[in-house]
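> I'll drop the sequence and a predicted model, then ask my questions.
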Amino acid sequence: MARTDKMKLGTFVYTFGFHPASWLHPASAVNGANDFAHLLDVAKRSEAAKFDFMFIPDSPAAAVGDANALARIPTKMNRFEPLSLLSALAVTTDNLGLVATASTSYYEPYNVARLFSSIDHLSRGRACWNVVTSDHDETGYNFNREGLDPHALRYERGNEFVDVVFGLWDSFEEGALLLDRETGVYYDKSKHHTLNHKGKHFQVRGPLNIARTPQGRPVIAQAGGSEPGMDMAARTAEIVFSLASNIERNRAFYENVKRRMPTYGRNADDLKIMPGIVINVGETEAEAKAKVDYLIDKMHPDVGRLMLSEFLEADLHDVALDQPFPMERLPAAPKGSRALFDELVDFVTSGRTVGELIRHYAEKHTGNGMTGTPSQIADFMEEWFETRAADGFILMFPTLPSSLDDFVRLVLPELRRRGLFREEYEGRTLRENLGLSMPANRFAKTQAAGR
């Protein structure tokens, strides 16, 4: 059955672009990591294209590992704190959704509830919290821990954390602010509620000291393909950033998550599954491929070795580039894409060197999605959308803003010609533009049920 809704699109923003060598591109803003003007420019270009949102990933730690490689990768080593950045973007943009990461492992629920409520008010209804439990050991060392907490504990804490934040966001009912100057009554105390949460991980009295936001509550984004992650998404998320290894696997993931939603009393249309894909587009296939090759050629071998080491979870710092891959260091299972892992295994068993493998991985890593002409890119996206492997895409542009500009100039007109993407924003808030329902206030529901 053909879809009647429109594809959703978001810009994934590492400062210079998704590719680790993007800062070396002559069109990049080399001072962009600490230059708000650069990030505002990316936001404005995304907004002019009528994208749904701009997505700011984050980890509250510098990376660790090969110092020679890290000295050549600015993204993880020098970047804005994301909620401060969103606050600035909230008052300098008009329609673009603003998504940022905050970890349930290193914040307190009251802080997160108050921060995102403030951003939602400042932006007049465009805030979105990307919920993560964190997945890198280096973050824990900055927050009174010896590395990362166990996976099950992080998700247990994360689920309770989100429940508390939702409860705090319901502190004020709709219409609670009376603002009555005649009587001198500012708000209706019967519509202001104390949470009094006492759980395993958190004790939070409340209420929140900021009014209900324009969206009822900020939109919730989440990533994670584990069993607890999919269950958490089905229960709480409204955007899911999925891993786009191939269409069949993402279609299975899509079906798996959405069929869980009725268990939690939710409509499947209130969750948008949006794979992250890297787009390299050119007027011709050769031009698109040349863009991939240019960045790979710019990437230092130490950076490629570090990228491959992280994907394989194998220490390769001491392996010569002109030697065969040490098979004893190959893991039994991948951390990321199984399809890509299997492809790399086939590649190394053919006797290729570590240097050749790094280049092959870099090409696949920067083309995890589609490299080609506008019609080829549009065909790829249309198939995923129409066959319900995706409700849209988080676009991980190799360079910013040049790859974004290429997509807007070459691919977007083709998507619009096919009726797949909007001409204008549907509403004022991110929730309206994504086609999400307004969340009911739990306290208002309880009071209504008691009448």
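Ah, there it is.
> In this protein, where is pLDDT below threshold?
244-245, 334-339, 364-368, 446-451 (pLDDT under 70).
> Which strand runs longest in it?
For the chain, the longest strand by residue count, based on DSSP state E, is strand 272-281.
> Which positions within that one qualify as buried?
Buried positions in strand 272-281, judged by neighbour count with 16 or more other CB atoms under 10 Å: 272-281. Bear in mind the C-beta positions are built from the backbone N, C-alpha and C, glycine included.
> cool, stretch 303-311 as well?
Neighbour counts over stretch 303-311 (16+ other CB under 10 Å) mark 303-309, 311 as buried.
> Sheet-wise, list the partners of the longest strand of the chain with their directions.
As defined by DSSP bridges, the strand partners of strand 272-281 come to strand 239-243 (parallel), strand 369-372 (parallel), strand 392-395 (parallel).
> Can you tell me, leaving aside adjacent residues, what's nearest to E255?
Spatially, and ignoring its direct neighbours in sequence, E255 is nearest to R388 (7.6 Å; CB to CB, 6 or more residues apart in numbering).
> cool, K200 as well?
K200 sits nearest to E160 (CB to CB, 6+ apart), 6.5 Å away.
> What ranges does the stretch 151-300 of the chain have for its strands?
Here the stretch 151-300 of the chain has its strands, by DSSP state E, counting those that start in this stretch, at 177-180, 185-187, 197-198, 203-204, 219-223, 239-243, 272-281.
> For S28, find the nearest of the ones you listed.
Taking CB to CB, strand 272-281 is the member of the strands of the stretch 151-300 of the chain nearest to S28, at 15.7 Å.
> any idea which of the buried residues of stretch 303-311 is closest to P401?
V303 (22.2 Å).
> Next, the closest one: phi, psi?
Dihedral pair for V303: phi -70, psi -40, per degrees, to the nearest 10.
> Helices of the stretch 351-451 of the chain, start to end?
Along the stretch 351-451 of the chain, counting by DSSP state H, counting those that start in this stretch, helices occupy 354-365, 374-386, 402-410, 412-417, 430-434, 442-450.
> how far away is the spatially closest residue to L415 that is not a sequence neighbour from L96?
Closest residue to L415 apart from its sequence neighbours, by CB to CB, 6+ apart: F421 at 4.3 Å. Distance from F421 to L96, counting by CB to CB, to the nearest Å: 15 Å.
> these two touch, right, the residue nearest to E255 and Y254?
Yes - taking contacts as CB atoms under 8 Å, R388 lies within contact range of Y254: 5.9 Å.
> Neighbour count: the two, which is higher?
In terms of neighbours (other CB atoms under 10 Å), Y254 is the more surrounded of R388 and Y254; the figures are 22 against 15.
> Provide the partner residues of the residue nearest to that one when sequence neighbours are not counted in its beta bridges.
Excluding its sequence neighbours, the residue lying closest to Y254 (CB to CB, 6+ apart) is I273, at 5.0 Å. Judged by DSSP bridges, the bridge partners of I273 are V240.
> Identify the residues contacting I273.
Counting by CB atoms under 8 Å, 6 or more residues apart in numbering, I273 makes contact with 240, 242, 250, 253-254, 257-258, 390-391.
> Output these in a markdown table; the columns should cover distance to L434.
Compiled in a markdown table, these are given as follows (distance: CB to CB, whole Å):
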| residue | distance to L434 |
| --- | --- |
| V240 | 12 |
| S242 | 16 |
| N250 | 19 |
| F253 | 19 |
| Y254 | 16 |
| V257 | 16 |
| K258 | 15 |
| A390 | 14 |
| D391 | 9 |
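> Show the contacting residues for G10.
Neighbouring residues of G10 by CB under 8 Å, 6+ apart: 51-55, 97, 99, 239, 274, 392-395.
> about what we covered before: so the residue nearest to L415 makes contact with L9?
Yes - counting by CB under 8 Å, F421 touches L9, with 6.7 Å between them.
> Quick one: residues contacting the nearest residue to A234 once chain neighbours are set aside.
Nearest residue to A234 in three dimensions, chain neighbours excluded: R260, at 3.6 Å (CB to CB, 6+ apart). Residues in contact with R260 (CB under 8 Å, 6+ apart) are 230-231, 234-235.
> Could you check how far R260 is from S103?
Applying CB to CB, one obtains 23 Å for the distance of R260 from S103.
> What separation is there between the closest residue to I296 other than its chain neighbours and F380?
Nearest residue to I296 in three dimensions, chain neighbours excluded: A362, at 4.9 Å (CB to CB, 6+ apart). Look at A362 and F380: by CB to CB, they are 21 Å apart.
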